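*Asks:* Sequence and predicted model, in that order:
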Amino acid sequence: MLNAPPASAHRDDYLDETLVYLTLEQGELEAEYWLDFGFRPTPAKDFVRHNVALEWGISDRWMIDSRASIESEDGDGTNLESARVESRYRFLDEGDLPVDIAISGEVNWSREQDGSTTFALEPRVILSRDFGEKLNFTLNLSDEIPLQSGSPAFLAALGVRFNWTQLVRIGSEAQYDIRRHAGSIVPQLWFAFPRDITLKVGYSIGVARNEEDFARAALEVEF
């Protein structure tokens, strides 16, 4: 008989890149596809974004994640919007400390709205705490360091997840870029199907100087 993953599992990252503490097991591979439909009011343009990612467990505590995003915007055609390579390592086992700790390092490239491109390094600390078997809070603190010009940007992200049933998980994440004074709030749902298949859906609401809103659906398959 096929069974859904345990309700206490919360290994999958959030929809808008808040990273979780848990990592893939050694040799495990996970493929992901995200589809975005969004709108930017200045200038008023709709966009569609395709995201593909691949994660691999190097050891039971160390993993690597790569991703690329292609965006089609009204009047501007289709362009490679961003790409990244991220590596994550977690200390000890979950629950060994009052707060679980992991670290992450990322190299990313992105295309700005004016057509310019940026390269950056992003070291990150991941803090995670379970409250019972169903509720988890995850905090990301990171510093995006540009490799060309510009000032570092301190980023904070908070995610909360509640495992409602073995199949359905509900939650939200909030992110804020202190230097750019821009953030987002992303309520979301996860559906944890048998055979390690996960479907996530949510809506990102721009906060402060972030005027971008988008709906996202993501499909993840583990091998």
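*Replies:* Thanks, I have the structure now.
*Asks:* Kindly provide the distance from the spatially closest residue to D60 that is not a sequence neighbour to S59.
*Replies:* Counting by C-beta to C-beta, 6 or more residues apart in numbering, Q26 is the residue found nearest to D60 once chain neighbours are left out, at 5.1 Å. Yep, even glycine has a C-beta here, placed from its N, CA and C like the rest. From Q26 over to S59 the distance is 5 Å, taken as C-beta to C-beta, to the nearest Å.
*Asks:* Show me which positions of the strand or helix carrying R49 end up buried.
*Replies:* Under the assignment given by DSSP states H and E, the secondary-structure element containing R49 is strand 44-57. Neighbour-count burial for strand 44-57 flags F47, R49, N51, A53, E55, W56, G57 (criterion: 16 or more other C-beta atoms under 10 Å).
*Asks:* Past it, which element shows up next along the chain?
*Replies:* Remark: after strand 44-57, the chain's next helix or strand is strand 62-73, criterion DSSP H and E.
*Asks:* got the angle between that next one and strand 44-57?
*Replies:* Between the axes of strand 62-73 and strand 44-57, defined by axes from the mean of the first three to the mean of the last three C-alpha atoms, to 10 degrees, the angle is 160 degrees.
*Asks:* can you give me the mean pLDDT across strand 62-73?
*Replies:* The average of the pLDDT scores along strand 62-73 is 95.
*Asks:* What helices and strands are in contact with the helix or strand that it is followed by?
*Replies:* Downstream of strand 62-73, the next assigned helix or strand under DSSP H and E is strand 77-90. Of the remaining helices and strands, those touching strand 77-90 by 3 or more C-beta pairs under 8 Å, 6 or more residues apart in numbering; DSSP states H and E are strand 62-73, strand 100-111.
*Asks:* Now do the host helix or strand of N140: which elements does it pack against?
*Replies:* Assigned by DSSP H and E, N140 belongs to strand 135-146. Other elements packing on strand 135-146 under the criterion 3+ C-beta pairs under 8 Å, 6+ apart are strand 117-131, strand 153-163.
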